[in-house]
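S.K.: One predicted model, sequence on top.
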Amino acid sequence: TSPNKEEAAKEIGADTFVVSTNPESMNAAGMSLDLILNTVSANHDLNHYLPLLANKGVLVQMGLVLTPHPVVQAPLMFRKLTIAGSLIGGLPETQACIDFCSKHKIVPKIKIVTAKDLGSVYKELQAKNDSIVRNVLDIEASM
């Protein structure tokens with residue numbers, strides 16, 4: 001992620017922050033994570049993130065990428081790492097996620113937008129999607 005998200009991430013409860021483009025940050029966080037939820041839906045190298053996982057750690061692919069992801073197998077085998085995939089869960093999984101967020105006071109920063117704002121929102125996301133703010137479409141106000 002980009003360094004300009006650190007303050008916002010810590011505001012919503014992050015204990016630590018890793019900048020994946022910074023080798024020192026990546027080295028400092030080495031083998032510190034049990035789980036990575038990878039929501040990136042663009043072509044990227046999974047091998048870059050495997051050193052962050054502790055032994056028996058799991059990287060879950062949630063962002064759909066249609067190109068192959070080559071993975072170096074030795075770390076998977078020697079460190080017992082797992083790569084899994086998951087689509088969006090059903091109602092019970094969604095409720096469990098909402099309950100977890102409520103319990104741990106994890107609240108996203110949102111911006112309510114209407115249909116007339118979608119063009120500018122799309123341009124912002126296309127230019128550089130490094131905002132921690134999530135856009136929420138107000139359908140009723142759009143009519």
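M.R.: Cool, got the structure. Residues are numbered from 1 along each chain as shown.
S.K.: Would you list the phi and psi of the spatially most central residue of the chain?
M.R.: Closest residue to the average C-alpha location of the chain: residue 39 at 4.4 Å, with Cα atoms, centre = their mean. Dihedral pair for residue 39: phi -100, psi 10, per degrees, to the nearest 10.
S.K.: buried stuff in the longest strand seen in the chain?
M.R.: For the chain, the strand with the greatest residue count under DSSP state E is strand 53-61. Using 16 or more other Cβ atoms under 10 Å as the test for burial, strand 53-61 gives 53, 57, 59, 61. From N, CA and C alone the C-beta is placed, and that goes for glycine too.
S.K.: mind putting these in a markdown table, distance to residue 22 included?
M.R.: Listed next are the buried residues of strand 53-61 as a markdown table, based on distance: Cβ to Cβ, whole Å:
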| residue | distance to residue 22 |
| --- | --- |
| 53 | 18 |
| 57 | 21 |
| 59 | 20 |
| 61 | 23 |
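S.K.: can you give me the strands for the chain?
M.R.: Here the chain has its strands, by DSSP E, at 33-38, 53-61, 82-85, 109-113, 133-137.
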